[in-house]
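Chemist: Sequence and predicted structure below; questions after.
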Amino acid sequence: MAKAYDHLFKLLLIGDSGVGKTCLVIRFAEDNFSSTYISTIGIDFKIRTVDIDGKKIKLQVWDTAGQERFKTITTAYYRGAVGIVLVYDITDEKSFENIQNWMKSIKENASAGVERLLLGNKCDMEGRRKVGVGVPQLAKEHGIRFFETSAKSSENVEEAFRTLARDILHKS
Ligand code: GTP
Ligand code: MG
């Protein structure tokens, strides 16, 4: 029997509680959205296989709890990831300031050379925007790709995950 996929990539989403990590994973894996907030306990994953440049890439997308009390559990999963998605909420300044701490956490816990991606989520809430200016510059300084996304409207969600998978594919 032919193999169902050419590559398996483990991706991990991190970022403050409430920024929309779970909603991004659900939008990407199941094309669904709910505005009911159920804070993640520990860690969970969803799978989706995508075609990229003629290759079947199975993406195992790990969704972590943003709450501080789960940090010991969630950081244990960094090591196995080939791609890490850092998420903040464009309406929540603190979630953006904390990206520095999440970057530090990657340095301390992830494998060297892990591919990173920065997402400013909830871009459908333009009227409540608090974060915008200076973000592309920060991303550039860290040599990391950046998208604004909305799990609610789906804007850029597909593109963000595909871009990350493609970058990993061409590195491997
Ligand atoms: P933890 O599991 O606690 O770490 O939070 P999380 O980052 O997984 O957040 P979650 O995906 O549960 O979303 C938190 C809240 O924000 C929910 O009420 C979602 O409906 C809402 N939300 C998530 N993404 C978006 C978005 O793109 N736009 C809008 N308007 N709301 C969103
Ligand atoms: Mg969650």
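Modeler: Great, that's in hand. All values reported here derive from a predicted model rather than from experimental measurement. Ligands and ions are numbered 1, 2, ... in the order given.
Chemist: how far away is the residue most central in space within the chain from Arg27?
Modeler: When C-alpha atoms, centre = their mean is applied to the chain, the residue found nearest the centroid is Val85 (2.8 Å). Applying C-beta to C-beta, to the nearest Å, one obtains 13 Å for the distance of Val85 from Arg27. For the C-beta atoms, the positions are set from N, CA and C on the backbone; glycine is no exception.
Chemist: what does Gly54 give?
Modeler: Between Gly54 and Arg27 the computed distance is 25 Å (C-beta to C-beta).
Chemist: ok, these two, which is more surrounded?
Modeler: Neighbours were tallied for Gly54 and for Arg27 using other C-beta atoms under 10 Å; the higher tally belongs to Arg27 (22 against 6).
Chemist: Which residues belonging to the longest helix anywhere in the chain are considered buried?
Modeler: Taking DSSP state H as the assignment, the helix of the chain that covers the most residues is helix 157-171. Going by neighbour count (16 or more other C-beta atoms under 10 Å), the buried part of helix 157-171 is Val157, Ala160, Phe161, Arg162, Thr163, Leu164, Ala165, Arg166, Asp167, Ile168, Leu169.
Chemist: ok, the third one touching Val25?
Modeler: No. Using C-beta atoms under 8 Å, Phe161 is not in contact with Val25; the gap is 9.3 Å.
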